[in-house]
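Novice: Using only what follows, build the 3D model:
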Amino acid sequence: MGTTQLESVPEPKYWHLRTVLSEALDSDFAVGEILPNERDLAARFGVARATLRQALEQLELEGRLQRRRGVGTTVAPPRTAVSVSTAQHDWPGAPGDAWQTADATAAVPPTAVARLFDAATGEEMHTVRRTRVAHGQAVAAELLYVPVGSVPELSAIDVPSGPARGRAVLRELQRLELEGQERAVELGSARADDAKELDRLPGAPVLVVTTRYFAGGRTAAVSVATYRADTCRLTFGDSVDVEINHPGQQRQAS
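Specialist: Purely as a prediction, here's the structure:
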C-alpha cells in the first residue's frame, strides 16, 4: 500500500490567504476595526470571493475576527485567559471574582452533575447562573450547583429569588472551609441557552470547564462553565497535572 507524501500536497489557496490576512491584521488593523467589504478585500489580495470567505471563516474560528450583526466583520480583541490551575483556593464569588450573578433557582441538576455529589436522583439544588464579560462581550456562562445541605442556613434567610438569592448562596459558601478543587476541561458544543447568552449558534464549539469544590470531606458545590472557544485560551499553573487519554478511556483531568 502506498503512502501519502504530505509535504508534496500543495497548500490550499484559502489557507495561504488566511496566513497573509493574519499578518495584515497584526500590522494594518486595530482591535475593533471594521474590515473592508468582501469585494474590496478580494480585489486587494487578488483572489476570488469564495476563497476569501473560506479564509475569513477560518480566522473567525481561530478567534481573530468577529462577525457582528449590523456592523460587519471586525478585528477581535485578545483572547480571555481562563486559568484551570487548582492552586487557587477560592470559592466562587470571592473578592476579585470576574463573574456576574444573573439568576438563582432551585432545580434538579443533570444526571452527570448529580453523580459528582452522589446525590439522589431528582434532588433539587440551588442553581446559580453567572456570566463572565470581557471587552463588553459575554465570553462564558456558568451554572453553579449547590446542595441545600452545603448552605443549611440559607433557608432561614429571607432572600428574594433572582440575582439577590444567587449572591446569598455565594456568601453562604464563603463560610465553609474550602479543602480543595478538581477541574476537568473538554471541548463541547453550545447548548441552545448557552448559545443565546454567548451570541453563538447552537452547536458552536465551546470549552466546558467542570470544577468540583470540596468541603467537609465531600463535594460541596459543582461549577459547569461554558466558554466561547473562539475568544478564550486556557492557562495552566505550575501545580496543574494534565492527562491525555486515548479514545475509549474515561476522561480524567485535574
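
Novice: what number of residues lie near residue 166?
Specialist: Neighbour count for residue 166, taken as other C-beta atoms under 10 Å: 25. The C-beta positions use only the backbone N, C-alpha and C, and glycine is treated the same way.

Novice: what pairs with the residue nearest to it when sequence neighbours are not counted across the strands?
Specialist: Nearest non-adjacent residue to residue 166, counting by C-beta to C-beta, 6 or more residues apart in numbering: residue 104, 3.4 Å away. Counting by DSSP bridges, residue 104 is bridged to residue 128.

Novice: How many neighbouring residues does residue 104 have?
Specialist: Neighbour count of residue 104, defined by other C-beta under 10 Å: 25.

Novice: The chain should start at 41 in everything you say after this.
Specialist: I'll keep to 41 as the first residue from here, and by that count the last item is residue 144.

Novice: Tell me who's in contact with it.
Specialist: With contact taken as C-beta atoms under 8 Å, 6 or more residues apart in numbering, residue 144 is in contact with 166, 167, 168, 169, 201, 202, 203, 205, 206, 208, 209.

Novice: quick check, nearest of the residues you listed to residue 56?
Specialist: residue 169 (43.5 Å; C-beta to C-beta).

Novice: I'd guessed that closest one sits against residue 139; true?
Specialist: No: in this structure residue 169 lies outside contact range of residue 139 using C-beta atoms under 8 Å: 10.0 Å.

Novice: Quick check: neighbours shared by the two?
Specialist: residue 182.

Novice: how close does residue 182 get to residue 206?
Specialist: 11 Å (C-beta to C-beta, to the nearest Å).

Novice: Between those two, which contacts overlap?
Specialist: Common neighbours of residue 182 and residue 206 (C-beta under 8 Å, 6+ apart) are 169, 170.

Novice: Could you say which helix or strand holds residue 142?
Specialist: Element membership for residue 142, per DSSP states H and E: strand 139-147.

Novice: longest helix anywhere in the chain?
Specialist: Secondary structure of the chain per DSSP state H: the longest helix is helix 53-68.

Novice: Could I get the average pLDDT for that helix?
Specialist: The predicted model gives helix 53-68 an average pLDDT of 90.

Novice: Return the alpha-carbon coordinates of that helix using PDB.
Specialist: Taking Å, rounded to 0.1, in the frame of the first residue of the first chain, the C-alpha atoms of helix 53-68 are listed here in PDB:
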ATOM      1  CA  LYS A  53      -5.300  28.900  -1.700                       C
ATOM      2  CA  TYR A  54      -7.600  29.900   1.200                       C
ATOM      3  CA  TRP A  55      -5.000  28.700   3.800                       C
ATOM      4  CA  HIS A  56      -2.300  30.800   2.200                       C
ATOM      5  CA  LEU A  57      -4.600  33.800   2.200                       C
ATOM      6  CA  ARG A  58      -5.500  33.100   5.800                       C
ATOM      7  CA  THR A  59      -1.800  33.500   6.700                       C
ATOM      8  CA  VAL A  60      -1.500  36.700   4.700                       C
ATOM      9  CA  LEU A  61      -4.600  38.100   6.300                       C
ATOM     10  CA  SER A  62      -3.500  37.200   9.800                       C
ATOM     11  CA  GLU A  63      -0.300  39.100   9.200                       C
ATOM     12  CA  ALA A  64      -2.300  42.100   7.900                       C
ATOM     13  CA  LEU A  65      -4.500  42.100  11.000                       C
ATOM     14  CA  ASP A  66      -1.400  42.400  13.100                       C
ATOM     15  CA  SER A  67       0.200  45.200  11.100                       C
ATOM     16  CA  ASP A  68      -2.600  47.200   9.400                       C
END
